[in-house]
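Participant: quick one, fold the following:
(one chain, ligands or ions: 1)
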Amino acid sequence: MLDLAIIGGGPAGLSAGLYATRGGLKNVVMFEKGEPGGQITGSSEIENYPGQKNPGESGFDFMSTWWKQCSHFGLTHTWANVTGIRKNEDGSFDILLEGDKIEKAKAVIVATGSTPRRAGFKGEDEFFGRGVSTCATCDGFFYKNKEVAVLGGGDTAIEEAIYLSNIASKVYIIHRRDGFRAAPTTVEKARKNEKIEFITNATIKEAYGDKAGLSGLILNTQNGERDLKVPGVFTFVGLNVNNEILRLEDGFFICDVVDGGQVDVDLKMQTNVAGLFAAGDIRKDAPKQVVVAAADGAVAALSALSYIENLH
Ligand SMILES: Cc1cc2nc3c(=O)[nH]c(=O)nc-3n(C[C@H](O)[C@H](O)[C@H](O)COP(=O)(O)OP(=O)(O)OC[C@H]3O[C@@H](n4cnc5c(N)ncnc54)[C@H](O)[C@@H]3O)c2cc1C
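Facilitator: Below you'll find the predicted structure:
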């Protein structure tokens, strides 16, 4: 039986792995369905991690040392898609893996993070991956010297618009309000960028195109409809937490969740189920930042260490 199963290998999961192994646990496995690093590896830049040596480096480069550090202290990575978690009568947990495999663990830290939310306009699903994207680093290059749109008003939207302005000939930022949630310095930087045009008090009514992909967007603006002929639109309108693995057969969750499905934890990242912890974007009131996810992971690991110690 594993001492500790960590599910998810983003900043929260990796930090939990580091603290658990350095804290003396020998048998710690991180179940991650992809490469370790998490969603920040899809970001063009990160510059707000305290003490960062190269502010502005890509999320991928930033995370590239985290797994190496963890494996040095004995964390194991199992490449697996976790489909569920069950608590057994003896207090242990079953970790259900795709392919009908089961691993047993004394304690579990869930750090499955979040996924970009769909904006909900007509044609979004039809053109997703063919003009509609949620990742500027992944898809930005397809729009070299072309015009693109960015939907959203938060930090991620404005930062990614600035990134795209280095590739595209023009970037339209479409935002439903006048004011922005993004940091004022970031908005100011975008406003000074000659390649960026703000279209505020506007929403996307519809995306249109043909077999080749997206050709444009119909916007609802204060002055009526506007036809924006762009082959690419990047949407940054919030995140959904990845909590499906916490769902039981009867549809209820294994532990308490709050509105939106975020996991209810205390300050020790403990859920209401003994031995089950949650960290990072998935927990309630998460600011959805790398520094917080990493801190959560450390707290959850320290709590798991003390939980396991008290089992003996
Ligand atoms: C474009 C973009 C830009 C961003 N910019 C910044 C920034 O500048 N500064 C900042 O602080 N934050 C930024 N963020 C937010 C930051 O990336 C997240 O807050 C942080 O990554 C959350 O870490 P996490 O470990 O909780 O989850 P995640 O990073 O989401 O990691 C979760 C991991 O769990 C894995 N997983 C999920 N489900 C399963 C399963 N069933 N089985 C196995 N593995 C699973 C996923 O593959 C993933 O690797 C940005 C995010 C995006 C998308």
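
Participant: and the residue of the stretch 101-250 of the chain nearest the ligand?
Facilitator: Closest approach between the stretch 101-250 of the chain and the ligand, counting by C-beta to the nearest ligand atom: G113, at 2.0 Å. Every C-beta, even on glycine, is put in place using the N, C-alpha and C of the backbone.

Participant: just checking, that residue touches Q39?
Facilitator: Yes. Using C-beta atoms under 8 Å, G113 and Q39 qualify as a contacting pair, with a distance of 5.9 Å.

Participant: identify the contacts common to these two.
Facilitator: Any residue near both G113 and Q39 by C-beta atoms under 8 Å, 6 or more residues apart in numbering counts here, and that gives 10, 281.

Participant: mind listing residues that contact the helix or strand bottoming out on mean pLDDT in the chain?
Facilitator: Among the helical and strand segments of the chain, the one scoring lowest on mean pLDDT, DSSP states H and E is helix 136-139, with a mean of 83. Helix 136-139 is contacted from outside by 42-44, 58-60, 133, 150, 160, 163-164, 232, 234, using C-beta under 8 Å, 6+ apart.

Participant: if you set the cut-off to 7 Å instead, what comes out?
Facilitator: When contacts are defined by C-beta atoms under 7 Å, 6 or more residues apart in numbering, helix 136-139 is touched by residues 42-44, 58, 133, 160, 163-164, 234.

Participant: following element in sequence after that helix, please.
Facilitator: Secondary structure here is assigned by DSSP states H and E; on that basis, the next helix or strand after helix 136-139 toward the C-terminus is strand 147-151.

Participant: any idea which element the residue lying closest to G23 once chain neighbours are set aside lies in?
Facilitator: The shortest distance from G23 to any non-neighbouring residue, by C-beta to C-beta, 6 or more residues apart in numbering, is to L305 (4.6 Å). Taking DSSP H and E as the definition, one finds L305 inside helix 290-309.

Participant: thinking again about what came up before, can you list the contacts of helix 136-139 in JSON lines and add neighbour count and pLDDT?
Facilitator: Putting these into JSON lines (neighbours: other C-beta atoms under 10 Å; pLDDT from 0 to 100) gives the following:
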{"residue": "G42", "neighbour count": "18", "pLDDT": "82"}
{"residue": "S43", "neighbour count": "20", "pLDDT": "81"}
{"residue": "S44", "neighbour count": "22", "pLDDT": "77"}
{"residue": "S58", "neighbour count": "18", "pLDDT": "88"}
{"residue": "S133", "neighbour count": "23", "pLDDT": "92"}
{"residue": "E160", "neighbour count": "26", "pLDDT": "93"}
{"residue": "Y163", "neighbour count": "20", "pLDDT": "93"}
{"residue": "L164", "neighbour count": "26", "pLDDT": "96"}
{"residue": "F234", "neighbour count": "28", "pLDDT": "97"}
